[in-house]
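Chemist: one predicted model, sequence on top.
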Amino acid sequence: MTGPQVVPSATTAMQTQSASRRGMPVLLRRTLPLIVVAAVLLVTWLWVSSLDLDSIEKRTLNADYIVARIGEHLVLSIIASVLVAVLAIPAGIAVSRSRSKAFRGIVIGIANIGQATPAIGVVILLAIVWQTGFTTALLALVIYSFLPVLQNTIAGLTQVDPSIRESARGMGMTPGQVLRRVELPLASPVILAGLRTALVFAVGVATVATFINAGGLGDMIINGLKLQRYPVLVVGAVLVAAIAVLIDWAAGVVEDIVRPKGL
């Protein structure tokens with residue numbers, strides 16, 4: 001004899017369907033940027049392949065040159081973003097802990113200067129007063145991308161419910177433990193959103209590094225403009241846009257993974 005068979009109830013079926021519907025937007029959100037970028041890159045490649053390129057365009061639109069420029073662009077953008085995280089998050093913690101409005105205003109005001117100044121202005125000014133090259137471009141990107149991470153760190157820590165802090169202290173935690181185990185995990189979605197913005201900023205601003213001999217995909221864009229080689233210009237612009245979208249997509253995936261459960 002067989003045991004009694006369990007027939008799924010209508011409620012269970014509805015819950016399964018609801019979970020399936022919730023899963024689809026997440027899957028779509030994670031795959032759609034990849035599909036769009038792949039399609040745009042494929043269309044661009046097919047278009048360039050159909051053209052009769054001259055010698056100048058062939059010297060630029062080859063795998064070795066493009067891979068080298070992409071590598072320079074990514075190294076510059078990622079190192080700048082790491083430095084911003086290392087500098088801006090502690091600064092945001094210090095500002096959120098300080099009771100001095102003057103200190104808060106000074107820190108945010110300095111960060112606002114870097115954000116308000118046009119990116120090309122920051123790069124050229126640093127090159128004039130210091131030197132040209134990778135280090136100067138890196139410093140310019142850090143200055144330009146600092147504000148989003150600083151503001152989001154302050155906002156994330158400020159929004160933590162005071163009662164949660166009090167509960168943690170009541171359990172015997174030190175201020176440092178409260179920060180590491182309670183406040184930073186709760187503020188992490190907001191902080192990660194700031195880092196995500198800084199990454200995309202860095203990818204875009206890194207294109208102007210070419211003006212001070214720091215390399216990157218800006219070389220292709222400027223060369224395409226100066227020499228009126230529009231295939232070179234279009235490929236450079238498409239690659240910068242594709243990297244920005246992919247970086248934003250990767251940061252979004254990391255944000256979903258790191259985000260504490262229930263937030």
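Modeler: That came in fine, so what should we check first? Numbers count the residues shown, from 1 in each chain.
Chemist: list the contacts of the closest residue to T158 other than its chain neighbours.
Modeler: Nearest residue to T158 in three dimensions, chain neighbours excluded: S96, at 5.8 Å (Cβ to Cβ, 6 or more residues apart in numbering). For the C-beta atoms, the positions are set from N, CA and C on the backbone; glycine is no exception. Residues near S96 by Cβ atoms under 8 Å, 6 or more residues apart in numbering: 153-154, 157-158.
Chemist: so D256 versus L27, what's the distance?
Modeler: From D256 over to L27 the distance is 12 Å, taken as Cβ to Cβ, to the nearest Å.
Chemist: okay, these two: which has more neighbours?
Modeler: A direct count of neighbours by other Cβ atoms under 10 Å for D256 and L27 places D256 higher, at 13 against 9.
Chemist: the more buried one: what secondary structure?
Modeler: For D256, the assignment made with DSSP: H, G, I helix; E, B strand; the rest coil gives helix.
Chemist: relative to Q159, how far out is it?
Modeler: D256 sits 20 Å away from Q159, going by Cβ to Cβ.
Chemist: low-confidence stretches in this protein?
Modeler: Within the chain, the ranges that satisfy pLDDT under 70 run 1-24, 26, 260-263.
Chemist: tell me the centre residue of it?
Modeler: L199 (2.6 Å; Cα atoms, centre = their mean).
Chemist: OK, contacts around that residue?
Modeler: Taking Cβ under 8 Å, 6+ apart, one finds 77-78, 81, 145, 247-248, 251 in contact with L199.
Chemist: phi first, then psi, for it.
Modeler: The phi/psi pair for L199 (degrees, to the nearest 10) reads phi -60, psi -50.
Chemist: and it, how far is that from A209?
Modeler: The value you get for L199 to A209, if Cβ to Cβ is used, is 16 Å.
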